[in-house]
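*Asks:* Just need the structure, nothing else, for what follows:
(one chain, ligands or ions: 1)
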Amino acid sequence: MIDAARYEKMLYNRCGLSGLKLPAISLGIWHNYGDTDSYQNCKEMIFTAFNLGITHIDAANNYGPPPGSAEKTLGRILKEELKSYRDELVISTKAGYTMWPGPYGDWGSRKYLMASLDQSLQRLGLDYVDIFYSHRRDPLTPLEETMGALADIVKQGKALYVGISRYNKEDTKKAAEILKSLGIRPLIHQVRYSMFDRIAEKEVFDTSYKEGMGIIAFCPLEQGLLTDKYIAGVPSGSRADKENSFLKKESITDDKIDKVIKLSQIAQGRNQSLAQMALAWTVREGAAVSALIGASKPSQIIENVKMLEHAQFTAEELIAIDKILNG
Ligand SMILES: NC(=O)c1ccc[n+]([C@@H]2O[C@H](COP(=O)([O-])OP(=O)(O)OC[C@H]3O[C@@H](n4cnc5c(N)ncnc54)[C@H](OP(=O)(O)O)[C@@H]3O)[C@@H](O)[C@H]2O)c1
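*Replies:* Below is the predicted model of the structure:
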């Protein structure tokens, strides 16, 4: 059931100064791949993505629930369904948040990163990941130690490339310099970036690009807020409707919904959905290399990839969008 035409449907962008190209849309497994989720749905989402040319799947040690279970789900799909396609896939994982109890299961020590990647490889059933990230900057561990561990991981062949996530400007520059001094070029910076969260644009885009890294934008749909789904309230079963969700009902303010409605009108004028326009905006020229989406059902992935049918913006559209976002 693998579509022979899958590579005709996707745009691939070079990641920074590397030789690696990433799809304009990548798929993350932060939500909906845990032990409590339907395995059949997970499998269908991965197949849908791969058949649309989404070659990059992003994990982290702690995705679940429980932590680790999303990597296990992905590992099972890779083993049972996609074993012969390993060389057509870019699989990433990360360590940096709490994973196991005690002083060695969190943050950015060499001890934690090395052990965590070994555990991730076991859960994923892989010999190596394509990209391994430091998931967050550990202010109490010298950057030389964290970056030294990343460099050694590449030298050991456990990751082909390494990246950083959520680093500030100064640490981004330092991290890149340390890695380069160790003979490793950092591939990528994973940052939160969407129409509703443009901090990264000002803070780290320039530095990351100057250091030769690509930018991959996580939560490009603001966890679903940048779609039409919350305009008429919180639908049952949506992320904001779930208990202990990272998308809090209180964060869906009247001001945000007002902006969503106005942005939707621009999207309609472009003959696309707001989700499609929000993703196209995230990967517009000079912005991110790839928009790292999440999904709860295959139909969302299908809708989102269709953004490629109208990915360009006129100068007038960009000004109108800015006006709404800054209003
Ligand atoms: N580095 C980091 O620290 C970090 C942090 C967060 C995330 N990430 C990465 O980024 C990935 C994506 O994060 P995210 O899931 O928050 O991304 P997102 O794309 O902003 O939100 C995805 C959610 O939006 C809804 N959605 C998606 N397409 C839709 C559509 N066409 N129409 C209506 N609703 C739609 C779905 O939620 P419903 O459940 O409501 O359907 C979906 O689960 C994660 O999986 C992870 O890999 C990294």
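
*Asks:* Might you enumerate the residues of this structure proximal to the ligand?
*Replies:* 28-31, 58, 135, 165-166, 190, 218-224, 227, 229, 238-239, 275, 292-296, 300, 303-304 (C-beta under 6 Å from any ligand atom). All C-beta atoms are positioned from the backbone trio N, CA, C, and that covers glycine.

*Asks:* just the buried members of those?
*Replies:* Among those, those scoring as buried are 28-31, 58, 135, 165-166, 190, 218-224, 227, 229, 238-239, 275, 292-296, 300, 303-304 (criterion: 16 or more other C-beta atoms under 10 Å).

*Asks:* among those, which are in helices?
*Replies:* 275, 300, 303, 304 (DSSP state H).

*Asks:* Most widely separated two among those?
*Replies:* 275 and 300 (7.7 Å; C-beta to C-beta).

*Asks:* how about the strands of the stretch 201-327 of the chain, start to end?
*Replies:* Assigned by DSSP state E, counting those that start in this stretch, the stretch 201-327 of the chain shows strands spanning 214-218, 290-293.

*Asks:* separation between residue 8 and residue 283?
*Replies:* In this view, residue 8 and residue 283 are 18 Å apart by C-beta to C-beta, to the nearest Å.

*Asks:* for residue 182, what are its contacts?
*Replies:* Applying C-beta atoms under 8 Å, 6 or more residues apart in numbering, we find residue 182 in contact with 147, 148, 151.

*Asks:* Let's see that with 6 Å instead.
*Replies:* residue 151 (C-beta atoms under 6 Å, 6 or more residues apart in numbering).

*Asks:* Likewise for residue 120?
*Replies:* Here residue 120 is in contact with 61, 71, 93 (C-beta under 6 Å, 6+ apart).

*Asks:* Where does the last one fall, secondary structure wise?
*Replies:* Here residue 93, judged by DSSP states H and E, is contained in strand 90-95.

*Asks:* Can I get that strand in CSV? Just the C-alpha atoms.
*Replies:* Output of strand 90-95 as CSV, limited to C-alpha atoms (Å, rounded to 0.1, in the frame of the first residue of the first chain):
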residue,chain,number,x,y,z
VAL,A,90,14.5,10.5,8.6
ILE,A,91,13.8,9.6,12.2
SER,A,92,14.6,12.0,15.0
THR,A,93,14.5,11.8,18.7
LYS,A,94,15.5,14.0,21.6
ALA,A,95,16.5,14.0,25.3
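
*Asks:* How far away from the center of its chain is the next helix or strand after it?
*Replies:* Note on strand 90-95: by DSSP H and E, the next helix or strand toward the C-terminus is helix 110-124. Centre-to-centre, helix 110-124 and its host chain are 20 Å apart (C-alpha atoms, centre = their mean, to the nearest Å).

*Asks:* do stretch 159-177 as well
*Replies:* 15 Å.

*Asks:* can you pull the buried residues of it?
*Replies:* 159-167, 171-176.

*Asks:* who's in contact with residue 291?
*Replies:* Contacts of residue 291 by C-beta under 6 Å, 6+ apart are 25, 217, 220, 279, 282, 283.

*Asks:* And those, which of them are buried?
*Replies:* Buried among the contacts of residue 291 by 16+ other C-beta under 10 Å: 25, 217, 220, 279, 282, 283.

*Asks:* which of the residues you listed lies closest to the ligand?
*Replies:* Nearest to the ligand among those: residue 220, at 5.3 Å, using C-beta to the nearest ligand atom.

*Asks:* Could you tell me the phi and psi values at whatever residue of the stretch 201-327 of the chain ends up closest to the ligand?
*Replies:* For the stretch 201-327 of the chain and the ligand, the shortest gap (C-beta to the nearest ligand atom) falls at residue 294, measuring 2.0 Å. Main-chain dihedrals, residue 294, degrees, to the nearest 10: phi -120, psi 170.

*Asks:* So it is in contact with residue 31, correct?
*Replies:* Yes: using C-beta atoms under 6 Å, residue 294 makes contact with residue 31 at a distance of 5.4 Å.

*Asks:* how close does residue 84 sit to the ligand?
*Replies:* Separation of residue 84 from the ligand (C-beta to the nearest ligand atom, to the nearest Å): 25 Å.

*Asks:* repeat for residue 186
*Replies:* From residue 186 to the ligand the distance is 15 Å (C-beta to the nearest ligand atom).

*Asks:* What count of nearby residues applies to that residue?
*Replies:* 29 (other C-beta atoms under 10 Å).

*Asks:* does it sit in a helix, a strand or a coil?
*Replies:* Of the three states, residue 186 takes coil under DSSP: H, G, I helix; E, B strand; the rest coil.
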